[in-house]
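A.B. asks: need a structure here:
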Amino acid sequence: MRLAQQDWNFEKNMEETTKQDTIVAETKAEPRVSEHRAAMPRKGREGGRRGRKERGGDDRARSEFAQKLIGIRRVARVMAGGRRFNFSVGIVVGDKKGRVGVGIGKAADTQVAIEKATRAAKKNMIFVNLTKNRSIRHNVSGKYCASSVEIRPSPGRGLVAGSSVRTVLELAGVSDVTAKLLSRSKNPINNARVAIEALREITASTSSAGRSSQAPSAGSTGSTSSLQAGSPQGSSQPPQNATAGAAGQVAK
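C.D. replies: Sure thing, here's the model as predicted:
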């Protein structure tokens, strides 16, 4: 009985000493976090921060076009298994130097829809011939679906417009104009597109004026060439008075 009690006490003491040795070894093997940070060289930490700044400080190539979101909405399409949701995005893109465009993109992801709308806007871009004061030459008006607008030059007043028409004129670089929506449509995409249709009249009028200025010059050259071609024939025929005088002398 005494031998069994001694063996049990010996085994218990051995287990306790083993646990204590394990705890001491773990504490010695794992250094504290503060000691580890203090042991790190200061230059290495500063170098890492500097490296992050240098990587983030690289100037990426910026696009020459500025863009602005004029409308985003979630649309649903009913399928056999239920409804499928997509996003429809409208964007206006321009360089503020006379070029501007409106595009629409649809996709399941918002970022993909924005990229599609940007590509569509750049594809359908128009060029507006502006004056020296960044204004338009004459009154223009346009109509698209239920939206209609009229844009008039107003020197010295700045840009007076509302809704998405103002966004289109700003990104086109137009100033000193007054725009008035003549319809009750609140659709921002239609209002932006009707502004594009109104600005198209400026480009169309300038192109037609250039053609009309070239047309008279072509006619004048044709008339002068016909006169030059007819002049030898007129010089070869004698005048009527000379023929009449010659006929009177023969009769005598």
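A.B. asks: where does the stretch 51-200 of the chain dip in pLDDT?
C.D. replies: Applying pLDDT under 70 to the stretch 51-200 of the chain flags the ranges 51-61.
A.B. asks: strands of that one, start to end?
C.D. replies: 66-79, 82-94, 99-107, 126-127, 140-144, 147-153, 159-160, 177-181 (DSSP state E, counting those that start in this stretch).
A.B. asks: quick one: strands adjacent to the longest one?
C.D. replies: Strand 66-79 has these partner strands in its sheet, going by DSSP bridges: strand 82-94 (antiparallel).
A.B. asks: list the buried ones in the partner strand?
C.D. replies: 87-94 (16 or more other Cβ atoms under 10 Å). Where you see a C-beta, it was placed from the backbone N, CA and C, and this is true even at glycine.
A.B. asks: closest one to Asn190 among the strands of the stretch 51-200 of the chain?
C.D. replies: strand 147-153 (4.3 Å; Cβ to Cβ).
A.B. asks: distance check, the nearest residue to Met125 once chain neighbours are set aside against Pro153.
C.D. replies: Spatially, and ignoring its direct neighbours in sequence, Met125 is nearest to Gly101 (3.5 Å; Cβ to Cβ, 6 or more residues apart in numbering). Applying Cβ to Cβ, to the nearest Å, one obtains 22 Å for the distance of Gly101 from Pro153.
A.B. asks: buried residues in stretch 170-180?
C.D. replies: When burial is assessed from 16+ other Cβ under 10 Å, stretch 170-180 yields the following buried residues: 170-177, 179.
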